[in-house]
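1. Sequence plus the predicted model coming up.
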There are 2 protein chains.
Amino acid sequence: ALYKGMENWEEVVGRIRGLHTDTLRKLAGKCEDRFMAGQKDHLRFGTDSWSHFRLTTGKPCCEAGDAVYYTASYAKDPLVNYAIKICRSKVKETQQQFFHSLAVRQSLALHFNIQQDCGHFLADVPARLLPWEEEEDDGDEGGEEEDKDEAGEAEGGKKKEPSKKESTAKKVKKHKEGEEEEKALAEGQMGSAAVGTLRSRVVVITREVPFQTVADFVREGAARHGRNPDLYERQVCLLLLQLCSGLEHMKPYHVTHCDLRLENLLLVHCHPGNPWNLDVLEPNNNAANAAAAANSGTCPARLIISNFSQAKQKSPLVDPEVLRDQSRLAPEIVTATQYRKCDEFQTGILIYEMLHRPNPFEEMPELKEREYTCADLPPLPARSLYSQGLQQLASLLLNANPSERIRISDARACLQCLLWGPREDLFQALSSSPGPAHRDATLQNWLDLKRTLMMIKFAERSLDSGSGVSLEDWLCCQYLAFSTTETLARVVRILQHPSVSQL
Amino acid sequence: ALYKGMENWEEVVGRIRGLHTDTLRKLAGKCEDRFMAGQKDHLRFGTDSWSHFRLTTGKPCCEAGDAVYYTASYAKDPLVNYAIKICRSKVKETQQQFFHSLAVRQSLALHFNIQQDCGHFLADVPARLLPWEEEEDDGDEGGEEEDKDEAGEAEGGKKKEPSKKESTAKKVKKHKEGEEEEKALAEGQMGSAAVGTLRSRVVVITREVPFQTVADFVREGAARHGRNPDLYERQVCLLLLQLCSGLEHMKPYHVTHCDLRLENLLLVHCHPGNPWNLDVLEPNNNAANAAAAANSGTCPARLIISNFSQAKQKSPLVDPEVLRDQSRLAPEIVTATQYRKCDEFQTGILIYEMLHRPNPFEEMPELKEREYTCADLPPLPARSLYSQGLQQLASLLLNANPSERIRISDARACLQCLLWGPREDLFQALSSSPGPAHRDATLQNWLDLKRTLMMIKFAERSLDSGSGVSLEDWLCCQYLAFSTTETLARVVRILQHPSVSQL
């Protein structure tokens, strides 16, 4: 049937268009399967598995806002890397927040950009793995012991006698033991008495091993931003796009993160497409292959939203009594409603911070006191192709009126448009176009051409040795597979006439 | 510039068409690089390298018309398999033919379907590697010794004293030594005295390790031809297509093979596209990966034309004296001209033989005595989708008049059309079409659609784990990349009106 009507050109072109669209949707799905391979197996580690984890190195792989991460392997599956997340706060203050954030996170379905928990428990952690506490406790051994007691209490008064002995011995031959300890850490099991003082901490096991936070990326990128602004700001767009995707995924669950800051956003290496090396099939494998990294496009890494300790969730089943009480309150007073557009606002601040500008509201606290307009916001310097678009998006996200503030799904669409087009020249052609039918046809033509180019990219990838489908390819494929002339027209309207975002 | 004129649909469609064509040509080139990887490095082994070769097994991997092949590895590059081709004939009769065929083959540029020589020399070969000679010499030890002497003479009287001792010892403990010898063969170096009697033979090193000849394929396929005629006859088409490609490549060099028979066509495993296993990147690696084989499409193997001992070559620089002598001779008398369409004729016979039918001229020797027409040729039974087309092609190739006989390039195009279309239904649409412009448009539409489907196939391959681009994908890509509406129209005319082939 595919070859019927070969004499009709329009029919053939329509069939080719349909094939391209269907294939890109199929490819986007296959990419998801590959990039999330492993993550979809339901892993659950309990306290009993703690002694089967071994650290790969004694140094943290990432120091985030709420926790420090170590790379580790699990004895029963030694080829896969896991991250051990050790929460920063001491047990009592952490626990409550932690169980709140856990409840919120567990209500969400799996998403590529949201941290996934493969198990969490209270565990005995060698003191050496808590470097920030050593700094705090420096020259204060008594404090360390006190802390230990507190942890022991939290665990129900269970005391670690051998570890106390070790701690005393440590004073005598500190340096030499330090070396041995390091070795024990690298080789030994977690929770083993050989590793020195133990402290009780909330520990989370995750498959995705972060190598830095977005805060680190921004700090390290300062010089690069000056040297190569187009690349740096494109990377910022790709990270923001991932952030928006994660936040958009949370909306139907009525979850608001409420604490979006650079140090709560983690970066994970991502080389799943490298077809020449089975090792890197594991998306969380940190043994970064240099060739694959070089080929992975401009996207610096996979972004993961972490630290849900401040998250708010509007329960879908509200207690009728509460509902009656709330029914006379102004909407902005009711918590969940009040926070509805909070993540959008914080994303706007992140745009400033990622472009090496301070948070406008920290710089000018007086702004929030009055009904500011986007004209009051400090301008972002025009350094690249993307600066103007990011400025516009930040203004839309930082609108003082939550009802007028752009939705996260529209922000995501704007970032896609900034990254992959259509661009300014097509906008101009569209605004001078004679009517909506003509505009639709132009957008459809643009989409047809972009889809062809995407298909060619995938086709060429099948023969490129050493490189596979990159994260950027996948993100672009999602855009082209699921865009329509309607969604494109909406973004064009928003970027041309910002007030449209309120519709 | 690519995004200019987005409002003009016809322009966009034209640009998409151009992108598809260009990309398929690029992909065909990349496929060639991959399928011929290794073959393009210029390897040259001399007699001095003989002792660095080790057989992988003691059994031949393929027994061809002119030689027996063994799989071997080369000490300096142990991961790559080579084939050691040991010529069947005894040295004196072989040498002359061999150097003739060598000269012919070396005048040809590299081609995927023509055997490549990585070195050739006179070598001392253990008698055990010449099983056919053992059969001939059965119970005739004297003959074996005589043969040894003859070989020694050919090498300039060099005698192998230790090997003679071994040969005597062999009579005493023949069985036990046989085992040891086998072990020595598998582990030991070529030319080592430990392997028993040595005989001097012409040896050729090739990178492509054949696993059988087309004669073996046809014999083993007899039952399969009955069970699954569509698959078997499609495979025959794919092998014939490769044969025609190789022969077409020889035309500009004025080389005619003149001895095309099933046992001179070798089959080599071909899994270069498997991206998950570096081992199989080597196209000549016989360690066939079952998964890759299952995914390699219907093409049974790479076909290699071998045994150029009967080949004729018309020298491009003819001696003026000879030219004057020949100027009064009828063209069919002048050797090179006389053989010009010989390979086409023999290809026609091969079609019968590959479809399990005898050579018509062997069955009916009287045919050649008279001016036969294609109606006199025995009909091929219609067993599959391909039977009728193959019958037609055989008739065109077996035309008694060489001037009317179809050219090999047209035969290649007919096979491509049989394999990948256009098919009967489009032929009918074309013959009822109102004019040549309309017919061209229909063929262009068909080509656009096929190219889109091919591109999608490549795109999907980039995400299929375990399978890569198959040989059939490459062959089809070549067809679609380099076809035009003119070449398609020509094939359609030939298949509809066979007399067109003479134009």
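-> Structure received.
2. Could you pull up phi and psi at the residue sitting nearest the centre point of chain A?
-> Most central in chain A under C-alpha atoms, centre = their mean is A:Ile304, positioned 2.2 Å from the mean C-alpha point. Backbone torsions of A:Ile304, given as degrees, to the nearest 10, read phi -130, psi 130.
3. Tell me how many other residues crowd the closest residue to chain B within the stretch 301-450 of chain A.
-> Closest residue of the stretch 301-450 of chain A to chain B, C-beta to the nearest C-beta: A:Asn445 (4.1 Å). To be clear about C-beta, it is placed using only N, CA and C from the backbone, and glycine gets the same treatment. If you count neighbours by other C-beta atoms under 10 Å in any protein chain shown, A:Asn445 ends up with 24.
4. do the same with A:Leu239
-> A count of nearby residues for A:Leu239, using other C-beta under 10 Å, gives 24.
5. ok, it touching A:Ile305?
-> No. Between A:Leu239 and A:Ile305 there is no contact under C-beta atoms under 8 Å: 11.2 Å.
6. Need the residues touching each of these two.
-> Both A:Leu239 and A:Ile305 are in contact with A:Leu265, where contact means C-beta atoms under 8 Å, 6 or more residues apart in numbering or on different chains.
7. just to revisit the earlier point, looks to me like the residue of the stretch 301-450 of chain A closest to chain B is in a helix.
-> Yes. Using DSSP: H, G, I helix; E, B strand; the rest coil, the assignment for A:Asn445 is a helix.
8. measure it to B:Val492 for me?
-> Counting by C-beta to C-beta, to the nearest Å, the gap from A:Asn445 to B:Val492 is 32 Å.
9. quick one: the strands in the stretch 201-350 of chain A?
-> A:210-213, A:255-256, A:265-268, A:302-305, A:312-313 (DSSP state E, counting those that start in this stretch).
10. Mind putting these into CSV with distance to B:Val202 and mean pLDDT?
-> Below are those laid out as CSV (distance: least, C-beta to C-beta, whole Å; pLDDT from 0 to 100):
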stretch, distance to B:Val202, mean pLDDT
strand A:210-213, 60, 95
strand A:255-256, 78, 90
strand A:265-268, 60, 96
strand A:302-305, 60, 96
strand A:312-313, 82, 83
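11. Looking at these, which is nearest to B:Met354?
-> Closest to B:Met354 of these is strand A:302-305 (C-beta to C-beta; 53.3 Å).
12. So which residues make contact with that closest one?
-> A:35, A:112-115, A:208, A:210, A:214, A:239, A:242-243, A:246-247, A:257, A:260, A:264-270, A:283, A:471.
13. Please state the offset of it from the chain centre?
-> Relative to the centre of its chain, strand A:302-305 is centred 2 Å away, using C-alpha atoms, centre = their mean, to the nearest Å.
14. give me the residue from the stretch 51-200 of chain A nearest chain B.
-> For the stretch 51-200 of chain A, C-beta to the nearest C-beta, closest residue to chain B: A:Leu79, 15.7 Å.
15. is it fair to say that residue lies in a strand?
-> Yes. Remark: A:Leu79 belongs to a strand, assigned using three-state DSSP.
16. what separates it from A:His42, distance-wise?
-> For A:Leu79, the distance to A:His42 (C-beta to C-beta) stands at 19 Å.
17. Those two: which is more packed in?
-> Set A:Leu79 next to A:His42 and count neighbours by other C-beta under 10 Å: A:Leu79 wins out with 10 against 7.
18. State the pLDDT value of the more buried one.
-> Listed pLDDT for A:Leu79 reads 82.
19. so A:Ile408 sits right up against A:Glu248, yeah?
-> Yes. Counting by C-beta under 8 Å, A:Ile408 touches A:Glu248, with 5.0 Å between them.
20. Of those two, give the one with the bigger neighbour count.
-> When A:Ile408 and A:Glu248 are compared for neighbours, A:Ile408 comes out ahead with 22 against 19, by other C-beta under 10 Å.
21. tell me the contacts of the more buried one?
-> Counted by C-beta under 8 Å, 6+ apart, A:Ile408 has contacts A:Cys244, A:Leu247, A:Glu248, A:Lys251, A:Asp343, A:Glu344, A:Thr347.
22. what is the mean pLDDT for the helix or strand hosting A:Met455?
-> Counting by DSSP states H and E, the element that carries A:Met455 is helix A:436-461. Averaged across helix A:436-461, the pLDDT comes to 90.
23. For it, buried residues please.
-> Neighbour counts over helix A:436-461 (16 or more other C-beta atoms under 10 Å in any protein chain shown) mark A:439-461 as buried.
24. Please parse chain A into its domains.
-> A:11-42+A:210-503, A:50-137+A:145-207 (automatic domain parsing).
25. Tell me which stretches of the stretch 151-300 of chain A form helices.
-> All helices of the stretch 151-300 of chain A, identified by DSSP state H, counting those that start in this stretch, fall at A:161-172, A:174-187, A:214-220, A:222-227, A:229-250, A:290-295.
26. Can you name every helix or strand that the fifth one contacts?
-> Packing partners of helix A:229-250 (3 or more C-beta pairs under 8 Å, 6 or more residues apart in numbering or on different chains; DSSP states H and E): helix A:222-227, strand A:265-268, strand A:302-305, helix A:342-354, helix A:387-397, helix A:408-420, helix A:471-482.
27. Could you provide these in TSV, with additional columns for distance to B:Ala28?
-> Formatted as TSV, the helices and strands packed on helix A:229-250 follow (distance: least, C-beta to C-beta, whole Å):
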stretch	distance to B:Ala28
helix A:222-227	39
strand A:265-268	38
strand A:302-305	35
helix A:342-354	44
helix A:387-397	39
helix A:408-420	28
helix A:471-482	22
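28. right, and those - which one's nearest B:Ala123?
-> Closest among the helices and strands packed on helix A:229-250, using C-beta to C-beta: helix A:471-482, at 52.1 Å.
29. Let me know the average pLDDT across the closest one.
-> Regarding helix A:471-482, the rounded mean pLDDT is 94.
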